[in-house]
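Participant: with the sequence up front, the predicted model follows.
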Amino acid sequence: MNPQQDEDLDRIIKASLYTREIIKKLMIFSRQMPQQIVSVNLNTIISDILYFIEVRFQSKEIKIRERLDPNLPNIQADAVQMSQVLVNLITNAIHALPSGGEIIISTKQKGKSVLLLVKDNGIGMSGAIQKKIFKPFFTTKEVGQGTGLGLSVVQGIIESHKGKIAVTSTSGKGSQFQITIPIKQSKS
Ligand SMILES: Nc1ncnc2c1ncn2[C@@H]1O[C@H](COP(=O)(O)OP(=O)(O)O)[C@@H](O)[C@H]1O
Ligand SMILES: [Mg+2]
C-alpha cells in the first residue's frame, strides 16, 4: 500500500466509526421516545421555540418574522418531534445567513391541511444540492459543523405524520421549506 492509500484507508475507518456512533445514538434516542400524539397548535410550538432560541440571534444580524394564522386549526402530532422539525429548519436557515438576513416563519390552513413555511434570504442551494439534502449524512458543512442528519430527521418526522415536505431555493437568494400536515390523520 502506498502512503496515499494508507491515509485514505485510515479516513474510511474513522468515518465509519463516526457514522456507527451517530446511528447508535439515533437508535437509542428514537427507542426512548415513542411518539406521543396529542392535539397541538403549531403556532404555540413556533412561539415557544423562538422564545428559547432568541438569545442566539441577538448577536447576529438576523431578523425572525412570524406570520402565524390566528385561526390555525390544531393537528394531531407529537409536540417534541414538531419542535425538532422547527429547530432543525431554523438552525439551517441561520447557517445560511452568515452575514445576517431574514427568516420568515408562517403558518396557514390550506384545505384539509396545515401549511408551515420556513423561508430565509440566505445563500440558497443549487439544483444539484437540492436533490441530495434529504439524504442521511449529506452535508455541505465542514466536519464538526454538520452531521447531514437534520433534514432526514425532519423528513422522517413529517412522513410519520402523513405530511409532505418540499423545498424551493435559488443560489445566492435563499430557500423555502414547505411542510403540509393533514389536520385529521387518516387511519393507517
Ligand atoms: N436553509 C438552507 N439554505 C441553504 N442550504 C441549506 C438550507 N437547509 C439545508 N441546506 C443544505 O442541506 C444540507 C443538509 O442539511 P441537514 O440535513 O440539516 O444537515 P447539516 O445541517 O448537518 O449539513 C446542508 O449541509 C446544506 O447544504
Ligand atoms: Mg442541519
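Facilitator: Good, I have the coordinates. Ligands and ions are numbered 1, 2, ... in the order given.

Participant: give me the neighbour count for the nearest residue to Ser39 once chain neighbours are set aside.
Facilitator: Setting aside the residues directly before and after it, Ser39 is nearest to Asn74 in space (Cβ to Cβ, 6 or more residues apart in numbering), at 4.6 Å. For the C-beta atoms, the positions are set from N, CA and C on the backbone; glycine is no exception. Close neighbours of Asn74, defined as other Cβ atoms under 10 Å, add up to 14.

Participant: could you do the one 4 residues further on as well?
Facilitator: Other residues lying near Asp78 total 19 when counted by other Cβ under 10 Å.

Participant: for the nearest residue to it once chain neighbours are set aside, give me its contacts.
Facilitator: Among residues not flanking Asp78 along the chain, Gln35 sits closest, at 4.7 Å (Cβ to Cβ, 6+ apart). The contact partners of Gln35, taken as Cβ atoms under 8 Å, 6 or more residues apart in numbering, are Asp78, Gln81, Ser160.

Participant: near ligand 1, which residues of the chain are found?
Facilitator: 88, 92-93, 96, 120, 122-125, 129, 133, 138-141, 146-152, 175 (Cβ under 6 Å from any ligand atom).

Participant: among those residues, name the buried ones.
Facilitator: By the neighbour-count criterion of 16 or more other Cβ atoms under 10 Å, the residues of the chain next to ligand 1 include these buried positions: 88, 92-93, 96, 120, 122-125, 133, 139, 146-152, 175.

Participant: next step: the contacts of Gln35 restricted to strands.
Facilitator: The members of those that map onto strands under DSSP state E are Asp78.

Participant: OK, contacts around Asp78?
Facilitator: Applying Cβ under 8 Å, 6+ apart, we find Asp78 in contact with Gln35, Gln36, Ile37, Val38, Ile157, His161.

Participant: enumerate every residue touching Leu117.
Facilitator: By Cβ under 8 Å, 6+ apart, the neighbours of Leu117 are Ile104, Ile105, Ser106, Thr107, Gln176, Phe177, Gln178, Ile179.

Participant: got it, and Gly146?
Facilitator: His95, Thr139, Thr140.

Participant: nearest to Leu17, of those residues?
Facilitator: Thr139 (17.6 Å; Cβ to Cβ).

Participant: the bottom helix or strand of the protein by mean pLDDT?
Facilitator: Between all helices and strands in the chain, the lowest mean by mean pLDDT, DSSP states H and E belongs to helix 55-58, at a mean of 65.
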